[in-house]
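**Student:** need coordinates for the below:
(4 chains)
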Protein chains: 2
Amino acid sequence: MLNISEIIRRIRSGGYRITKAREAIITIFAKAKAPLSAGEIEKTLKGMGVHINKTTVYREVDFLKAEGVLKELSLGDNIRRYEFRTDNHHHHIICIKCNKVECIDMPECVEKEEKIVSKRSRFKIIDHSLKFYGVCPGCM
Amino acid sequence: MLNISEIIRRIRSGGYRITKAREAIITIFAKAKAPLSAGEIEKTLKGMGVHINKTTVYREVDFLKAEGVLKELSLGDNIRRYEFRTDNHHHHIICIKCNKVECIDMPECVEKEEKIVSKRSRFKIIDHSLKFYGVCPGCM
DNA sequence: CTAACTGCAAAATGTTTGCTCAATA
DNA sequence: TATTGAGCAAACATTTTGCAGTTAG
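**Tutor:** Next up, the predicted model:
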């Protein structure tokens, strides 16, 4: 788990400000157990009694992504989602019935596959994304 | 590569018709080397001199997906793409500079990872998606 | 003939932009 | 008080829907 005050210090040292919106959104991601979309962030804020315009939410996730605080990912629906950018390499499993998402820590994965792909495609591979789809215990 | 006349026979036997739009779209996918979005299908049709409304394109990919002819996938941008559903399990590599996509045949992949995920999450795993991101030879 | 299909316009999502006003440091 | 950030409305892009008219078989 990333340290909020460390993040705030980094943002401040970049000459940026800590506003109510920014702090609330960082806090939400610090507590989040799964990636969140802009819409989900907006709804969570509303649930917290904080009213923040959706434009601000979009701009804020862009900002936090540029600052390296958040990482953008796609779960296969066409909605952009975000999560804290952590050092531990992990992947996701999505329930095809209730859309629940869980993160799976898995360092050193798909090494064998990456070698094969690298050799066959002649691409310089920089990153990969692995998602599993299935039925969660609650939906079985 | 799937056989077009076999697909057409299957659609006919389901009580559905083979229209100009349907046939043109199936033909496009038979020739496609990478997954296509609705917009790309529309553009390709236009380039072939076939004028088909975008609503029809959207309905057609839905239909072909329901018929098991196409498979929907996401490349990480938030655009739905489609490709022929083939039996050989394959994945994709995407160039982060020019967005070129290549398919990589890779049967029996991520087996080790699937076992780990299955055990930890208690999900019943049905499918997975693996994408590599990198720089293609032409962009290096 | 008739159910499957098409096109058009309009709506529904998700996201971005321009502009002006507000608030942090 | 200077510059970053917020809010609003409107534009945008992709996808969906309702409905009236068309066509394959």
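**Student:** all the helices of chain A, residue numbers only.
**Tutor:** For chain A, helices defined by DSSP state H occupy the ranges A:4-13, A:20-31, A:38-47, A:54-66, A:111-121.
**Student:** so which bits of chain A are right by DNA strand C?
**Tutor:** Contact residues, chain A versus DNA strand C (Cβ under 7 Å from any atom of the strand): A:12, A:17-20, A:37-39, A:54-55, A:58-59, A:62, A:78-80. All C-beta spots, glycine's among them, are computed from the backbone N, C-alpha and C.
**Student:** any idea how far the residue most central in space within chain A is from residue B:96?
**Tutor:** For chain A, the residue nearest the mean C-alpha position is residue A:83 (1.8 Å; Cα atoms, centre = their mean). For residue A:83, the distance to residue B:96 equals 19 Å [Cβ to Cβ, to the nearest Å].
**Student:** same question for residue A:71.
**Tutor:** In this view, residue A:71 and residue B:96 are 14 Å apart by Cβ to Cβ.
**Student:** now swap in residue A:129 and tell me
**Tutor:** Distance from residue A:129 to residue B:96, by Cβ to Cβ: 12 Å.
**Student:** which one of these two has more residues nearby?
**Tutor:** Per other Cβ atoms under 10 Å in any protein chain shown, whichever of residue A:129 and residue B:96 has more neighbours is residue A:129, with 20 against 16.
**Student:** residue A:27 versus that one, what's the distance?
**Tutor:** Distance, residue A:129 to residue A:27, using Cβ to Cβ: 27 Å.
**Student:** ok, now residue A:114?
**Tutor:** 35 Å.
**Student:** what's the neighbour count on the nearest residue in space to residue A:21 that is not next to it in sequence?
**Tutor:** Nearest residue to residue A:21 in three dimensions, chain neighbours excluded: residue A:52, at 4.8 Å (Cβ to Cβ, 6 or more residues apart in numbering or on different chains). As a burial measure, residue A:52 scores 19 neighbours (other Cβ under 10 Å).
**Student:** cool, residue A:93 as well?
**Tutor:** Residue A:93 has 23 nearby residues by other Cβ under 10 Å.
**Student:** and it, what does it touch?
**Tutor:** The contact partners of residue A:93, taken as Cβ atoms under 8 Å, 6 or more residues apart in numbering or on different chains, are A:101-102, A:104, A:131-134, B:117, B:121, B:123, B:125.
**Student:** and for residue A:10, the neighbour number?
**Tutor:** With other Cβ under 10 Å as criterion, residue A:10 counts 13.
**Student:** how much space separates the closest residue to it other than its chain neighbours from DNA strand C?
**Tutor:** Spatially, and ignoring its direct neighbours in sequence, residue A:10 is nearest to residue A:67 (7.2 Å; Cβ to Cβ, 6+ apart). Distance of residue A:67 to DNA strand C, computed by Cβ to the nearest atom of the strand, to the nearest Å: 14 Å.
**Student:** now the phi/psi pair for residue A:67, please.
**Tutor:** Torsion angles at residue A:67 (phi, psi; degrees, to the nearest 10) stand at phi -80, psi -10.
**Student:** okay, it: pLDDT?
**Tutor:** On pLDDT, residue A:67 comes in at 97.
**Student:** what's the answer for the one 5 residues further on, then?
**Tutor:** Looking at residue A:72, its pLDDT reads 95.
**Student:** need the CA coordinates for stretch A:113-121. PDB is fine.
**Tutor:** This file holds the C-alpha atoms of stretch A:113-121, laid out as PDB (Å, rounded to 0.1, in the frame of the first residue of the first chain):
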ATOM      1  CA  GLU A 113       5.200 -16.400 -23.000                       C
ATOM      2  CA  GLU A 114       7.000 -13.200 -23.200                       C
ATOM      3  CA  LYS A 115      10.100 -14.900 -24.500                       C
ATOM      4  CA  ILE A 116       8.100 -16.600 -27.200                       C
ATOM      5  CA  VAL A 117       6.300 -13.400 -28.300                       C
ATOM      6  CA  SER A 118       9.500 -11.400 -28.300                       C
ATOM      7  CA  LYS A 119      11.200 -13.900 -30.600                       C
ATOM      8  CA  ARG A 120       8.300 -14.300 -33.000                       C
ATOM      9  CA  SER A 121       7.200 -10.700 -33.300                       C
END
